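Student: Okay, sequence plus prediction incoming.
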Amino acid sequence: MKYLKYIIFIITISFSGNAQQDPHFSMYRYNMNVITPAYAGTNGSLETTFGIRSQWTGINDGPETLNFNINSPVGKNIGIGLTAVSDKVFVLDETHLYADFSYKIRVAEELNLYAGVKVGGSFLKINLNDVGIENDPLFTENVNTFNPNVGVGFYLKAEKYYISLSAPGLLSNDRYEKEGVNPVSASDDQQIFLGAGYDFNLSDDFMLRPSALGRMVENAPISLDLTSSIVYKERIELGANYRLDESITGFFTASFLESALSVGYAYEHVTSNIGTYTNGTHEVILKFRLN
């Protein structure tokens with residue numbers, strides 16, 4: 001049992017420090033604020049998003065993520081936003097708080113380039129005493145720290161397509177480090193996101209909306225999301241997402257009140273080895289737009 005708890009703890013640190021040091025949403029097109037600060041104000045109105053992601057259901061103390069964002073244009077070319085993300089898994093509890101700033105550069109008649117900066121940091125708590133390992137110097141003190149960070153991003157937006165390039169965290173911060181005979185450590189490695197999407201009109205009522213998002217992290221495999229959906233009258237969306245060697249997702253969104261209110265749900269089935277032990281991942285989003 002002692003070694004099992006060691007393994008669980010190491011998996012937790014590795015999961016947060018490398019595989020998913022920042023939340024990775026299946027419905028990323030509805031959570032672009034987490035990926036790039038340049039997204040702030042791009043829709044031309046006040047926008048508020050609330051999201052819940054319950055990952056690996058069926059596994060005790062699996063990852064739970066809450067996401068809140070509010071963003072809006074300010075003046076002619078400036079956008080601002082505020083993002084708060086709570087990420088919990090096992091004994092690790094992390095809260096990310098960031099302010100986003102974007103500036104719009106007109107490239108052509110219906111083509112704008114947004115350049116953004118993200119400033120803030122993460123409050124990290126690791127309750128090592130709850131691991132249940134006794135008489136070990138590595139687990140005598142809990143970790144409670146704040147890691148500041150900055151990020152940059154670019155968002156090219158046209159009427160029918162977008163291209164995004166960003167690095168939401170430029171600084172490498174130590175998440176856990178303990179001096180001793182057998183130290184355990186983890187750190188934030190720089191992530192680079194590259195994404196794009198296009199809207200194809202199939203008829204007056206239907207639209208095909210494919211998109212892709214790649215994530216590159218040092219010392220980790222490249223993560224690639226391939227997504228496609230059918231949109232009916234800009235109100236109903238039904239789609240699927242494939243994350244390379246990781247998962248398959250089906251999702252549904254609906255808009256009400258002349259698209260001022262949108263709700264969405266996604267179910268993600270894990271295709272990797274851990275899928276044997278989990279009942280999948282559930283993701284819910286609620287978005288409000290003040291036109």
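Tutor: Right, received. Where do you want to start? Residues are numbered from 1 along each chain as shown.
Student: Quick check: which ranges of this protein have low pLDDT?
Tutor: 1-23, 130-140, 173-189, 274-275 (pLDDT under 70).
Student: now the helices for it?
Tutor: Taking DSSP state H, the helices of the chain run over residues 2-14, 32-35.
Student: The last one - contacts with which helices or strands?
Tutor: Taking 3 or more C-beta pairs under 8 Å, 6 or more residues apart in numbering; DSSP states H and E as the contact definition, the neighbouring helices and strands of helix 32-35 are strand 64-74, strand 78-89, strand 161-167. Any C-beta I mention is one placed from the backbone N, CA and C, and that applies to glycine too.
Student: Select, out of these, the one closest to Q55.
Tutor: Nearest to Q55 among the helices and strands packed on helix 32-35 is strand 64-74 (7.2 Å), distances taken as C-beta to C-beta.
Student: okay, the angle between the closest one and strand 78-89?
Tutor: Here strand 64-74 points in a direction 180 degrees away from that of strand 78-89 (axes from the mean of the first three to the mean of the last three C-alpha atoms, to 10 degrees).
Student: outside of strand 64-74, which residues touch it?
Tutor: The contact list for strand 64-74, computed with C-beta atoms under 8 Å, 6 or more residues apart in numbering, reads 23, 25, 31, 33-34, 39-41, 44-55, 79-89, 100.
Student: Going through those, which ones are buried?
Tutor: Buried members of those, counted by 16 or more other C-beta atoms under 10 Å: 23, 25, 31, 33-34, 39-41, 47, 49, 51, 53, 55, 79-83, 85-89, 100.
Student: check contacts around V263.
Tutor: For V263, the contacting residues are 253-254, 256, 284-287, by C-beta under 8 Å, 6+ apart.
Student: now do 7 Å
Tutor: The contact partners of V263, taken as C-beta atoms under 7 Å, 6 or more residues apart in numbering, are 253-254, 286.
Student: In CSV, list those along with distance to L66 and neighbour count.
Tutor: Formatted as CSV, the contacts of V263 follow (distance: C-beta to C-beta, whole Å; neighbours: other C-beta atoms under 10 Å):
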residue, distance to L66, neighbour count
T253, 19, 21
A254, 22, 14
L286, 12, 14
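Student: Dump these to TSV, plus distance to E237.
Tutor: Compiled in TSV, the contacts of V263 are given as follows (distance: C-beta to C-beta, whole Å):
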residue	distance to E237
T253	4
A254	8
L286	15
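Student: Looking at those residues, which one is closest to G120?
Tutor: Using C-beta to C-beta, those come closest to G120 at L286, 22.8 Å.
Student: which residues does that closest one bridge with?
Tutor: F50, V263 (DSSP bridges).
Student: That one contacts I52, doesn't it?
Tutor: No - L286 lies out of contact with I52 (C-beta atoms under 7 Å); the separation is 8.7 Å.
Student: Number of residues surrounding E109?
Tutor: 7 (other C-beta atoms under 10 Å).
Student: how close does it get to A84?
Tutor: 36 Å (C-beta to C-beta, to the nearest Å).
Student: same question, E110
Tutor: Distance, E110 to A84, using C-beta to C-beta: 33 Å.
Student: Repeat that for N60.
Tutor: 26 Å.
Student: ditto for P148
Tutor: Counting by C-beta to C-beta, the gap from P148 to A84 is 16 Å.
Student: what's the answer for V117, then?
Tutor: 18 Å.
Student: With E159 instead?
Tutor: Distance of E159 to A84, computed by C-beta to C-beta: 31 Å.
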